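Chemist: sequence first, predicted coordinates after that:
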Amino acid sequence: MVDWALENVPVSSDPRILEIGSGNGTLLFALREAGYSPRYLSGVDYSSDAVKLARMVARTRNSEEVGFHVCDFLSELPPPASGRPDPLGGWDLLLDKGTYDAIALEKDASGGSPVTAYPMRASKLLREDGCFLITCKPQRDLVFLAHRCAQRAILQKRS
Ligand SMILES: C[S@@+](CC[C@H](N)C(=O)[O-])C[C@H]1O[C@@H](n2cnc3c(N)ncnc32)[C@H](O)[C@@H]1O
């Protein structure tokens, strides 16, 4: 994912990057090491323990400017991207490594899948020419998002 980002969303463009379900922050720290500005890197996770851990790791890696926020991606808006005050439409790159698959396993109160809300929410956060990069099982719902991203989205198949 880091290699793809470097090739398609260059460091020199100062992209605002948000990871959906950032866990302990491994991917964001790898992007920081690859040269992306830490103040433009953010992660959201609905687990406060995960966010706490990611912030602890950030301290040990001199990466405290990387933002980690407790946020349920399906029902809350993440804080706006740095320098782009509108909470909607401010992100140049959205990343998902395993989160869509995790949400797809959940059931809501009516027995449906909460994941149906995901593509529209992701789409609203992206800038007009933004990119969405995901590692997941093949998902029909995400075709919508791929179109929204003008075919620039990559759906990577996980083994
Ligand atoms: C499979 S883990 C992947 C973590 C990280 N991306 C990685 O690769 O190490 C999925 C993560 O998504 C988070 N998550 C699941 N549903 C979420 C939601 N609705 N909003 C925010 N985070 C969510 C979980 O707490 C978990 O940290």
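Modeler: Received, thanks.

Chemist: are we agreed that residue 30 is in a strand?
Modeler: No - counting by DSSP: H, G, I helix; E, B strand; the rest coil, residue 30 falls outside a strand, being helix.

Chemist: and the helices in the protein?
Modeler: Here the chain has its helices, by DSSP state H, at 2-8, 26-33, 48-60, 99-104, 118-125, 142-148.

Chemist: would you reformat the ones you listed as TSV and include mean pLDDT and mean neighbour count?
Modeler: In short, each C-beta sits where N, CA and C put it, glycine included. As requested, the helices of the chain are arranged in TSV below (pLDDT from 0 to 100; neighbours: other C-beta atoms under 10 Å):
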stretch	mean pLDDT	mean neighbour count
helix 2-8	95	13
helix 26-33	98	20
helix 48-60	98	16
helix 99-104	91	19
helix 118-125	90	19
helix 142-148	59	17
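
Chemist: adding distance to the ligand, write those out as a markdown table.
Modeler: Output for the helices of the chain, formatted as a markdown table (distance: least, C-beta to the nearest ligand atom, whole Å):
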| stretch | distance to the ligand |
| --- | --- |
| helix 2-8 | 12 |
| helix 26-33 | 5 |
| helix 48-60 | 5 |
| helix 99-104 | 4 |
| helix 118-125 | 8 |
| helix 142-148 | 16 |
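
Chemist: of all these, which one comes closest to residue 88?
Modeler: Within the helices of the chain, the stretch nearest residue 88 is helix 118-125; the backing value is 5.2 Å (C-beta to C-beta).

Chemist: the closest one: how far from the chain's middle?
Modeler: The chain centroid and the centroid of helix 118-125 are separated by 11 Å under C-alpha atoms, centre = their mean, to the nearest Å.
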